[in-house]
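Trainee: The sequence isn't on hand, but the structure is:
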């Protein structure tokens with residue numbers, strides 16, 4: 001490893017995935033980032049924008065021997081972003097909308113070194129089979145998916161019983177496109 005790596009994320013899934021890459025890193029808490037994006041932005045551009053916004057909040061603390069990884073994941077269906085649900089009824093509504101349909105999971109990743117931010121994104125298409133209201137109720141009540149974009153974790157029960165097809169990186173749906181991240185770090189000679 002050529003640089004000290006910092007992960008600017010509170011996500012336990014991102015920490016787990018970066019650990020699985022066998023990369024040594026430290027987790028840092030970013031200063032209160034107001035995750036707001038311009039209304040004129042296309043839904044497919046939001047994840048990259050937000051990952052960059054997170055990086056910009058910390059860029060002045062990055063030296064030449066450090067790299068900061070920030071990321072943001074959005075779920076997009078019919079050109080509309082489905083964020084994190086505020087409560088159980090919103091989570092159930094989102095899952096009912098995803099049931100029997102295809103959607104995009106887009107993760108934007110920013111790699112920040114002293115004074116520069118390199119941003120990329122990864123898109124995965126996920127198709128759910130039809131999920132009954134009873135199964136949706138069970139999932140929301142048992143797993144409380146309130147910290148997950150689109151109200152679901154693909155690695156959880158709902159993914160096991162509901163995902164019909166996936167086109168793209170599975171780990172991207174969990175919140176970090178590991179293969180693309182590794183390739184970018186290698187190509188930038190950061191690992």
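Mentor: Nice, thanks for sending it over. Since this is a predicted model, take the numbers as computed values, not measurements. Residues are numbered from 1 along each chain as shown.

Trainee: any weak-confidence spans in the protein?
Mentor: Judged by pLDDT under 70, the chain has its weakly predicted residues at 1, 31.

Trainee: Can you report phi and psi for the residue sitting furthest away from the middle of the chain?
Mentor: Distance from the C-alpha centroid of the chain, by CA atoms, centre = their mean, peaks at residue 134 (27.3 Å). Backbone torsions for residue 134, taken as degrees, to the nearest 10, come to phi -60, psi -40.

Trainee: what's the answer for residue 140, then?
Mentor: According to degrees, to the nearest 10, residue 140 has phi -60, psi -40.

Trainee: That one reaches residue 93, doesn't it?
Mentor: No: contact status for residue 140 versus residue 93: not in contact, 10.1 Å apart, counting by CB atoms under 8 Å. For every residue, glycine as well, the C-beta is placed using N, CA and C.

Trainee: So these two - more neighbours on which side?
Mentor: Shown here are residue 140 and residue 93; by other CB atoms under 10 Å, residue 140 has more neighbours (23 against 15).

Trainee: Spatially nearest residue to the more buried one (excluding sequence neighbours)?
Mentor: residue 91 (4.8 Å; CB to CB, 6 or more residues apart in numbering).

Trainee: which SSE is the one you found in?
Mentor: helix 88-98 (DSSP states H and E).

Trainee: What are the buried residues along that helix?
Mentor: Buried residues in helix 88-98, counted by 16 or more other CB atoms under 10 Å: 90, 91, 92, 94, 95, 97, 98.

Trainee: would a markdown table of these with distance to residue 38 be doable?
Mentor: Listed next are these as a markdown table, based on distance: CB to CB, whole Å:
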| residue | distance to residue 38 |
| --- | --- |
| 90 | 24 |
| 91 | 27 |
| 92 | 30 |
| 94 | 23 |
| 95 | 28 |
| 97 | 24 |
| 98 | 26 |
